[in-house]
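K.L.:
Everything below, folded, please.
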Amino acid sequence: MNQRSSRPGVTIVLLLYSNEIAIQFLPYSTSILNLVQLGRLRVDVVIVPATTGQLGVLPGHVATIAELKPRIMSVHDGNGVTKYFVSNGFAFVLANSFADLIAVEAVPLDRIDACLVRKGLPEFTKKLKSASTDLEKAEVQIGVDVHSALNSP
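P.N.:
Here you go, the predicted model:
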């Protein structure tokens, strides 16, 4: 016998492309479970790093569009919290209870080497001071931004 929780949840479907991951949040239901066989995870809330601050996505959330910034995305479910580093992209929360997160990179935090992150920020900061062209400055600034985001709590 299937038992369903009375608490609302969402289902995350990961759509893998060659250079991006689209994460689609759907209302949790048995009909969705029958349609989606892979990449399904029931969660209670997803905290998204938007440029305007943290955005909590819940079932039935009001429609909104948010630009993602390089930070940690937290997926909260009954077993705890799973964290992912997302580089940048957009979150589209639609009125029909769908939310699409389109990110260039989405990496589970436990796959990131903390020692390399700690070393990377001073290295990129030093390179930024010596960058001479606009292109070099932009490329190095991305490294500073990513390492700063990964070093933040």
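
K.L.:
quick one, what contacts the closest residue to Val146 other than its chain neighbours?
P.N.:
Once flanking residues are discounted, Val146 sits nearest to Pro70: 5.3 Å by C-beta to C-beta, 6 or more residues apart in numbering. For glycine as for every other residue, the C-beta is placed from the backbone atoms N, C-alpha and C. Contact analysis of Pro70 by C-beta atoms under 8 Å, 6 or more residues apart in numbering lists Pro49, Phe85, Val86, Ser87, Asn88, Asp145, Val146, Ala149.

K.L.:
repeat that for 6 Å
P.N.:
Residues in contact with Pro70, defined by C-beta atoms under 6 Å, 6 or more residues apart in numbering, are Ser87, Asn88, Asp145, Val146, Ala149.

K.L.:
go on, Ser87?
P.N.:
Pro70, Val104, Glu105.

K.L.:
in this structure, which segments are predicted with low confidence?
P.N.:
The model of the chain has pLDDT under 70 over residues 1-43, 59-60, 95-98, 153.

K.L.:
what about 80?
P.N.:
1-45, 58-62, 76-78, 87-88, 93-107, 152-153 (pLDDT under 80).
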